[in-house]
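from the sequence below, what's the structure:
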Amino acid sequence: MDEVVYQSLLHLTWIDELLENIKTIFIDLYKEQLKGPRCRVVEYPFDPYFEQQLQELERAAGSSIEDGPRLIVEDKKDTLAHADTGGPPPPPVPGLLPVQQRAAQVSVVSEDSTPSMSPGTSRSASPARNHILTGKSGPGGRVSRRARKAASATNSAQNGDTPKKGKTPKGGQKKLRKWGVDGLAEEDDGEILDYSASDANAPESAPGVQVEAVDSSKWGTKTSKGQFVLKDLGDEVHSILEKADQQKTKSSTSSGMVSSGLGAISGLFRNVIGGKVLTKADLENPLKAMEDHLLKKNVAREAAVRLCEGVEQELVGKKTGSFQSIDAALRSAMESSLQKILTPTSSLDLLREIEAVTSPHDRQQARRPYVISIVGVNGVGKSTNLSKICFFLLQNNYKVLIAACDTFRSGAVEQLRVHARNLKELSERENVGHIELYEKGYGKDAANVAKDAVAYAASSNFDVVLIDTAGRRHNDQRLMSSLEKFAKFAAPDKIFMVGEALVGTDSVMQARNFNQAFGTGRGLDGFIISKCDTVGDMVGTLVSMVHATGIPIVFLGVGQHYGDLRGLSVSWAVGLLMR
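Have a look, this model is predicted:
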């Protein structure tokens, strides 16, 4: 049952809409619990959803939550009285005439009803007008403005309040304020809170919940040389998709193509027999259906059009074999085009490149740390994927330094501090590698922090430096311009951009803008596609980002744990796109 209580004189036209919206949101959030056969009392965190709807509807109605509900229509004669006494007078007693209400009364101060205030206790901001009854005098029972002010000052003095000053002194500064758990303000002790600074008296690693162990055999294997290599993403996601497919109702199946435009493509080719020379007119409708199918797989339109044009050029004028269906020829051509786009043109053996820098064969070449930088837009999982790469490097017994160069986002340093503590515990438990965190707090120049971190890593014989950066909008030149300075100061060996598998057409512009932001002769070296476990078979972002830049995909994120990192299997991705 929904109930909303508000003042009867306050006309709120949006109450019905609020009730309907709250009902819809609540049922959608807790439909599983509501369908449960047993009744139980559970506290659901629904307050934020209610507050959001309430504030949104209040803003639309032109009201303000902070000021509270106010009467729109007021008597002009009572306006000044309301302003000085702290609110409207109490409602009239039923049965009394207005003349009786305006009769003069003797001022009575109730001493018993006045609560005693203990020192240091914060009082309510609402004036206690029920404690003092002020009689009305003068013509018509009205009180002069000067008398009302004097009465208000007396009331404040008796309750221990100090009168407010009209203006703040020029040299004065607003005092800091601390809020307790009870919602009351505490006295300012002058201490400035900065949780990014480490406490010298505190232990290096605070005791917390034990980190869950990660089974290395589930996400990688050991080679004959002792290197730990990642598994390609395939089996894990296939099992997830199969489970999801079992819950869905299959409307139609044709040659393994379920619920996609490929079924329509096959139907358009059904009347075409083998041994026919295909023309552009024959392929027009089927390729349109193929383009729609790729768009449903979250492939950007630009990439989908390019793929279909490539297939058209390959099939026009081609004579199909006697025992080859047109459907098979079309699928084969599209799979070939997808494989060409997704197959990297350079080596992605990251471990071999690290070994070449940290253990050079040429004696004239000085040993130095291998530097990897992580960039991307806001909220794509840069810090999370950085910690996964760090765990992967720790499995190969590397000494890793994490540089906290996100000096802008609140909580970024603390997030990396938690990751570093967890990874340190896991590495010590498995007796592999070593990890440290390099941080300078907030507000510093990220390029200088990265430069200092690389210098510290070189002097301390670290093998790899992982640099975390602040998220930024790809279409904001003011934010993107700082990446060029960052690339010059940090001089990273690899720059990986983290992109979401959830993003659609915007992935093309993200990839291009970041690739061009590091200056002449410097660009991205690879993509890390995060949240691949949330999109099912809609993995078109992989094709879109590679098509836009020609830069390969190095890693795929498939979860929130440190072991949820995989390499890209081109055949796996093509298989999902052609389902």
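
how many neighbouring residues does Ser460 have?
Ser460: 12 surrounding residues under other CB atoms under 10 Å. Backbone N, C-alpha and C define where each C-beta goes, glycine included.

tell me which residues touch it, please.
Leu401 (CB atoms under 8 Å, 6 or more residues apart in numbering).

ramachandran angles for it?
phi -100, psi 10 (degrees, to the nearest 10).

how near is it to Arg368?
In this view, Ser460 and Arg368 are 12 Å apart by CB to CB, to the nearest Å.

again, but for Thr221
29 Å.

comparing those two, which residue is more hemmed in?
Neighbour count, other CB under 10 Å: between Thr221 and Arg368, Arg368 has more, with 17 against 11.

in the stretch 201-350 of the chain, where is pLDDT below threshold?
Applying pLDDT under 70 to the stretch 201-350 of the chain flags residues 201-213, 215-220, 222-226, 231-275, 320-326.

the stretch 451-579 of the chain: strands as residue ranges?
For the stretch 451-579 of the chain, the strands defined by DSSP state E, counting those that start in this stretch cover 464-468, 494-500, 526-530, 553-557, 565-566.

export the ones you listed to JSON lines and tack on mean pLDDT?
What follows is these, written out as JSON lines (pLDDT from 0 to 100):
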{"stretch": "strand 464-468", "mean pLDDT": "96"}
{"stretch": "strand 494-500", "mean pLDDT": "95"}
{"stretch": "strand 526-530", "mean pLDDT": "95"}
{"stretch": "strand 553-557", "mean pLDDT": "93"}
{"stretch": "strand 565-566", "mean pLDDT": "91"}
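
turn those into a markdown table, columns for distance to Gln313.
Output for the strands of the stretch 451-579 of the chain, formatted as a markdown table (distance: least, CB to CB, whole Å):
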| stretch | distance to Gln313 |
| --- | --- |
| strand 464-468 | 43 |
| strand 494-500 | 29 |
| strand 526-530 | 27 |
| strand 553-557 | 25 |
| strand 565-566 | 33 |
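
for Gly381, which of these is the nearest?
Of all the strands of the stretch 451-579 of the chain, strand 526-530 sits nearest to Gly381, with 4.1 Å by CB to CB.

which secondary structure elements does that closest one contact?
helix 382-394, strand 494-500, helix 540-549, strand 553-557 (3 or more CB pairs under 8 Å, 6 or more residues apart in numbering; DSSP states H and E).

how about residues contacting it?
Looking at what lies outside strand 526-530 - CB under 8 Å, 6+ apart - the contacts are 348, 374, 380-381, 384-385, 494, 496-501, 511, 541-542, 545-546, 551-557.

write the PyMOL selection for whichever of those residues are buried.
Per 16 or more other CB atoms under 10 Å, the buried members of these correspond to this PyMOL selection:
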select buried, resi 374+380+381+384+385+494+496+497+498+499+500+501+511+541+542+545+546+551+552+553+554+555+556+557
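
list the buried residues for stretch 521-529?
Within stretch 521-529, judged by 16+ other CB under 10 Å, the buried ones are 522-529.

can you name the two of those residues that are farthest apart?
Going by CB to CB, the pair spanning the buried residues of stretch 521-529 furthest: Arg522 and Ile529, at 21.9 Å.

contacting residues around Thr407?
Thr407 neighbours (CB under 8 Å, 6+ apart): 413, 440-446, 449, 470.

what's the answer for Ala404, then?
412-413, 416-417, 437-440, 449, 468.

farthest-separated two in those?
Once CB to CB is applied, the contacts of Ala404 give Arg417 and Val449 as the farthest pair, at 15.0 Å.

who's more crowded, these two?
Val449 (23 against 20).

check which helix or strand that one maps to.
helix 446-459 (DSSP states H and E).

again, but for Ser336
Going by DSSP H and E, Ser336 is part of helix 326-342.

and for Val305?
helix 301-315.

what angle sits between that helix and helix 540-549?
80 degrees (axes from the mean of the first three to the mean of the last three CA atoms, to 10 degrees).

counting contacts, what elements does helix 301-315 pack onto?
Counting by 3+ CB pairs under 8 Å, 6+ apart, helix 301-315 packs on helix 280-296, helix 326-342, helix 540-549.

CA-only coordinates of the biggest helix by length in the chain in PDB, if you can.
Longest helix in the chain, counting residues (DSSP state H): helix 412-430. What follows is helix 412-430, C-alpha atoms only, in PDB (Å, rounded to 0.1, in the frame of the first residue of the first chain):
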ATOM      1  CA  ALA A 412      41.100   6.700  -7.000                       C
ATOM      2  CA  VAL A 413      44.200   6.400  -4.900                       C
ATOM      3  CA  GLU A 414      42.300   4.500  -2.200                       C
ATOM      4  CA  GLN A 415      41.000   2.100  -4.800                       C
ATOM      5  CA  LEU A 416      44.500   1.300  -6.000                       C
ATOM      6  CA  ARG A 417      45.600   1.000  -2.400                       C
ATOM      7  CA  VAL A 418      43.100  -1.700  -1.800                       C
ATOM      8  CA  HIS A 419      44.100  -3.500  -5.000                       C
ATOM      9  CA  ALA A 420      47.700  -3.300  -4.100                       C
ATOM     10  CA  ARG A 421      47.100  -4.700  -0.600                       C
ATOM     11  CA  ASN A 422      45.000  -7.600  -2.000                       C
ATOM     12  CA  LEU A 423      47.500  -8.400  -4.700                       C
ATOM     13  CA  LYS A 424      50.400  -8.300  -2.200                       C
ATOM     14  CA  GLU A 425      48.500 -10.800   0.000                       C
ATOM     15  CA  LEU A 426      47.900 -13.100  -2.900                       C
ATOM     16  CA  SER A 427      51.500 -12.900  -4.200                       C
ATOM     17  CA  GLU A 428      52.900 -13.600  -0.800                       C
ATOM     18  CA  ARG A 429      50.500 -16.500  -0.300                       C
ATOM     19  CA  GLU A 430      51.600 -18.000  -3.600                       C
END
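
alright, that wraps it up for me.
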